[in-house]
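**Q** have a look at this fold, sequence not included:
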């Protein structure tokens, strides 16, 4: 497959990067920084911004350009559309825009609540609870359908995953991949496939499943690429034909859509004790954001893989 890796830019850490839709056929992203939501292009260069008086402890949870922003803040959930609405007492940790409505995950002790809200008013239209002790929620919207996957990571207790649909204004939840501890690395750009990286308790296998039937298409075992310590949580699609995953303390690995023809990619990071890939983000146009830890601090590499 012979992949060429070109480091386009080295940037400050961008752990709160959120997909914000498309502009001119290219993906855009939203990020909170210094009192404003920044709209970034597929190389993470700033195009525009929207200032909001929200303080410092803020992160973007979901976005549609800068026209509709969903943010977690110390004061509660903030929905910035034509008007800015704050929903107090909703300490959300994940959100997605589905079918013109807002779906929000909220930690609540030994459970997580999943809410449907009217994005114009902040009114709660539906509320369901899921038992998930001390969980961190992630919502993965499908790229072309009004559905998403809710991932609830519960530390040593593993992972729960649900398909999330909104019918009218009501939530419909279907548990998926029960017992598999699935770590969702994302839908392929066409939405036809799902990339799963392994849970840390058993880090040996990366899998690709078909959507929506969730049948296994292919897998990559650590032994196939001589990954002594298995795979990390980080992974993403580069395009419909290629995916990227991280062999722990070793290298960035790129493989085709069937996880064949894998290659190690040389990056300006010393792995092992000197560096770690924490996050991989699909940017489109062959670009990937590599969120890395190094002894000098965290950084983001924008890498073009062609």
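**A** It's in. Computed from a prediction, not measured in an experiment: that's the story for all the values here. Numbering: from 1, shown residues only.
**Q** use CA for all of it now, contacts and neighbours both
**A** Fine.
**Q** contacts for the helix or strand hosting residue 22, please.
**A** In the assignment (DSSP states H and E), residue 22 maps to strand 18-23. By CA atoms under 8 Å, 6 or more residues apart in numbering, the list of residues contacting strand 18-23 from outside reads 27-31, 39, 60-66.
**Q** list the neighbouring strands of the following helix or strand past it plus their orientation.
**A** Once the chain leaves strand 18-23, the next helix or strand it forms, by DSSP H and E, is strand 26-33. Applying DSSP bridges to the sheet, strand 26-33 is found paired with strand 18-23 (antiparallel), strand 36-40 (antiparallel).
**Q** so which bits of the first one are buried?
**A** Neighbour-count burial for strand 18-23 flags 18-21 (criterion: 16 or more other CA atoms under 10 Å).
**Q** quote the end-to-end distance of stretch 77-86.
**A** 6 Å (CA to CA, to the nearest Å).
**Q** start the count at 45, not 1, going forward
**A** Understood, numbering begins at 45; the last thing we discussed is stretch 121-130.
**Q** mind checking how far it is from the chain centre?
**A** Here the centre of stretch 121-130 is set off from its chain's centre by 23 Å, with CA atoms, centre = their mean, to the nearest Å.
**Q** which other helices and strands contact the helix or strand harbouring residue 208?
**A** Assigning secondary structure by DSSP H and E places residue 208 in strand 203-211. Where contact means 3 or more CA pairs under 8 Å, 6 or more residues apart in numbering; DSSP states H and E, strand 203-211 is packed against strand 191-197, strand 214-219.
**Q** packing partners for the first one?
**A** Think strand 191-197. Packing partners of strand 191-197 (3+ CA pairs under 8 Å, 6+ apart): strand 138-142, strand 180-185, strand 203-211.
**Q** tell me the one of the buried residues of strand 62-67 nearest residue 281?
**A** Using CA to CA, residue 63 comes nearest to residue 281 of the buried residues of strand 62-67, at 13.9 Å.
**Q** hey, what's the closest one bridged with?
**A** Counting by DSSP bridges, residue 63 forms beta bridges with residue 73.
**Q** how much space between it and residue 72?
**A** Taken as CA to CA, the span from residue 63 to residue 72 is 6 Å.
**Q** where along the stretch 245-350 of the chain do the strands fall?
**A** Assigned by DSSP state E, counting those that start in this stretch, the strands in the stretch 245-350 of the chain fall at 249-254, 260-265, 275-283, 286-291, 295-300, 307-309, 320-328, 331-338, 341-349.
**Q** mean neighbour count, distance to residue 159 and mean pLDDT added to those, as JSON lines?
**A** JSON lines is the format used below for the strands of the stretch 245-350 of the chain (neighbours: other CA atoms under 10 Å; distance: least, CA to CA, whole Å; pLDDT from 0 to 100):
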{"stretch": "strand 249-254", "mean neighbour count": "20", "distance to residue 159": "28", "mean pLDDT": "98"}
{"stretch": "strand 260-265", "mean neighbour count": "16", "distance to residue 159": "31", "mean pLDDT": "98"}
{"stretch": "strand 275-283", "mean neighbour count": "26", "distance to residue 159": "27", "mean pLDDT": "98"}
{"stretch": "strand 286-291", "mean neighbour count": "25", "distance to residue 159": "32", "mean pLDDT": "98"}
{"stretch": "strand 295-300", "mean neighbour count": "22", "distance to residue 159": "37", "mean pLDDT": "96"}
{"stretch": "strand 307-309", "mean neighbour count": "16", "distance to residue 159": "41", "mean pLDDT": "95"}
{"stretch": "strand 320-328", "mean neighbour count": "23", "distance to residue 159": "26", "mean pLDDT": "97"}
{"stretch": "strand 331-338", "mean neighbour count": "22", "distance to residue 159": "30", "mean pLDDT": "96"}
{"stretch": "strand 341-349", "mean neighbour count": "20", "distance to residue 159": "32", "mean pLDDT": "96"}
